[in-house]
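>>> Prediction below, plus the sequence it came from.
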Amino acid sequence: MKRIIEETALTGLESLLGEQVLLICGNYFYAGKLVGVNDTQVALDGASIVYETGDWSATAWKDAQKLGPGETFVRTAWIEAYRRGK
């Protein structure tokens, strides 16, 4: 798993390491701080499942429920789209 150590010229999900992201997956939307990326999974710290986004221009998700302390791992095969989060 790749971790943030120093700034490098990264692309794709790796370019968002250390930032809040939204992962739009087959069944759920996951939000959290992207702290790890490899070929098969990503790690989110402080992850939530976003059940309702609300307005995309809003500063917070309308209904996002925390998954508890520690990292949550999401398989990259399930990620359909991703973007910077809120």
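Arrived safely. Numbering: from 1, shown residues only.

>>> ok, which stretches of the chain are helices?
Taking DSSP state H, the chain contains no helices at all.

>>> where are the low-confidence patches of this structure?
4-9 (pLDDT under 70).

>>> longest strand of it?
strand 41-52 (DSSP state E).

>>> For residue 25, name its beta-bridge partners.
Taking DSSP bridges, one obtains residue 79 as the residues bridged to residue 25.

>>> Residues in a beta bridge with the most centrally placed residue in the chain, which ones?
Nearest to the mean C-alpha position of the chain, by Cα atoms, centre = their mean, lies residue 21 at 4.0 Å. Bridge pairing for residue 21 (DSSP bridges) gives the partners residue 32, residue 84.

>>> Pretty sure it sits against residue 84.
Yes: shown here, residue 21 and residue 84 form a contact pair, counting by Cβ atoms under 8 Å, at 6.3 Å. For glycine as for every other residue, the C-beta is placed from the backbone atoms N, C-alpha and C.

>>> Residue 51 and residue 30 touch, don't they?
No: here residue 51 does not reach residue 30: they are 11.1 Å apart, not a contact under Cβ under 8 Å.

>>> Settle it for me: which of those two has more neighbours?
The neighbour comparison of residue 51 against residue 30 (other Cβ atoms under 10 Å) goes to residue 30, with 23 against 12.

>>> The more buried one reaches residue 73, doesn't it?
No: at 10.1 Å, residue 30 and residue 73 do not qualify as touching, with contact defined as Cβ under 8 Å.

>>> Please report phi then psi for residue 60.
phi -140, psi 160 (degrees, to the nearest 10).
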